[in-house]
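What shape does this take:
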Amino acid sequence: MRIAKLVLAAVCVAALLAASNAWAAVVINPVNAVASSEYGVGTGDYRSALKTIDGSGLNGPIPADDSAGLPTAHTWPPGESWVDAPVSAGGNGDGSAWIYYDLGSQKEVGALAVWNANDSISSIPIDQTYAGAKDVDVLYSNDAVNWTAADSFVFTRATPFVDNPAEILQLSSAVTAQYMKLDIHSCYEVVDPAYGTVGLKHVAFLDGSAAAVPEPGTLVLLACGLLGLLAYAWRKRK
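The predicted model follows:
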């Protein structure tokens, strides 16, 4: 009887792992990015919107899905991120800006993967996580002209001087669109309005299945409940 129960438990765990892998969300990497302004246009320190999708600020490639985990964002060298322009070059100077992403075609989006601004120079040290986006509205569109609100978030400020993981932000409901926009209302600190004040390291999206991914605690409860039901059925049969 004990061996049978152990076999039953192993079968439940295997089934649970298979189900969790099946729920892994596909990572959607944008094909283009456009921002309200960009720092350093025409210079060697060009912090373009494309920096947030070219993988230059990450410690590895973006996988096809999130089951194996997403790469972290490195802190050095600085500059491998998007930062808005200074006021003199068209930036707002108040920590507000926008950036939108072309997904290449209409995709079902269930969540965002955001690596917030985390450039830092540890040898001095200089912490530039103040430029991280804070209060953000997420919008979607199929023509990049007419936008519909999807959700609102407060992005987490990056931890300085260490590589940072992606923050996964799940939409309240999945949306289908070709364009996703981040309307940024504030950054964490406006250090000097004369310079670019808000930025992001990298942004990706997760497909609509992300909206259905259970939390780890839910998976544990599901496993326990399934094991309990099977054990009960076993006893009834005996």
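
quick one: contacts for Leu182?
By Cβ atoms under 8 Å, 6 or more residues apart in numbering, the contact set of Leu182 is Trp98, Ile99, Tyr100, Ala133, Val136, Asp137, Val138, Leu200, Val203. In this view, the C-beta of every residue, glycine as well, is placed from N, C-alpha and C.

where does this structure have low pLDDT?
Residue ranges of the chain with pLDDT under 70: 1-23, 211-238.

Please identify which of the contacts of Leu182 is nearest to Gly69.
Among the contacts of Leu182, Val203 lies closest to Gly69 (Cβ to Cβ), at 17.1 Å.

Does the closest one touch Asp54 like I think?
No - when contacts are counted by Cβ atoms under 8 Å, Val203 is not listed as touching Asp54 (11.2 Å).

And these two? Which one has more around it.
The residue with more neighbours, out of Val203 and Asp54, is Val203; 23 against 13, by other Cβ atoms under 10 Å.

Which secondary structure element is home to that one?
Assessed by DSSP states H and E, Val203 sits inside strand 199-207.

Show me what that strand packs onto, helices and strands only.
Secondary-structure packing of strand 199-207 (3 or more Cβ pairs under 8 Å, 6 or more residues apart in numbering; DSSP states H and E): strand 27-28, strand 82-83, strand 97-116, strand 167-184.

rerun that using 7 Å as the cut-off
Packing partners of strand 199-207 (3 or more Cβ pairs under 7 Å, 6 or more residues apart in numbering; DSSP states H and E): strand 27-28, strand 82-83, strand 97-116.

most packed of those?
Comparing the helices and strands packed on strand 199-207 by mean neighbour count (mean count of other Cβ atoms under 10 Å), strand 82-83 ranks first with a mean of 30.

How far off centre is that strand?
Offset of strand 82-83 from its chain centre (Cα atoms, centre = their mean, to the nearest Å): 16 Å.

Ok, stretch 103-116 next?
Put simply, stretch 103-116 sits 8 Å off its chain's centre (Cα atoms, centre = their mean).

Now it - C-alpha only, CSV.
Taking Å, rounded to 0.1, in the frame of the first residue of the first chain, the C-alpha atoms of stretch 103-116 are listed here in CSV:
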residue,chain,number,x,y,z
LEU,A,103,5.2,43.4,-32.4
GLY,A,104,5.4,42.7,-36.1
SER,A,105,1.8,41.5,-36.4
GLN,A,106,-1.2,41.2,-34.2
LYS,A,107,-0.4,39.1,-31.1
GLU,A,108,-2.3,38.2,-28.0
VAL,A,109,-0.4,39.8,-25.1
GLY,A,110,-1.0,38.7,-21.5
ALA,A,111,1.9,40.3,-19.7
LEU,A,112,5.0,42.5,-19.9
ALA,A,113,8.5,41.7,-19.0
VAL,A,114,10.3,44.9,-17.9
TRP,A,115,13.9,45.5,-17.0
ASN,A,116,13.9,49.0,-15.5
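
which residues in this structure form strands?
Assigned by DSSP state E, the strands in the chain fall at 27-28, 32-35, 82-83, 97-116, 120-121, 126-127, 135-141, 148-154, 167-184, 199-207.

Among these, which comes closest to Leu58?
Per Cβ to Cβ, nearest to Leu58 of the strands of the chain: strand 199-207, 5.8 Å.

got the contact list for that closest one?
The contact list for strand 199-207 (Cβ atoms under 7 Å, 6 or more residues apart in numbering) reads 25-29, 47, 52-53, 57-58, 62, 66, 73, 81-84, 99, 101, 103, 107-118, 131, 133, 180.
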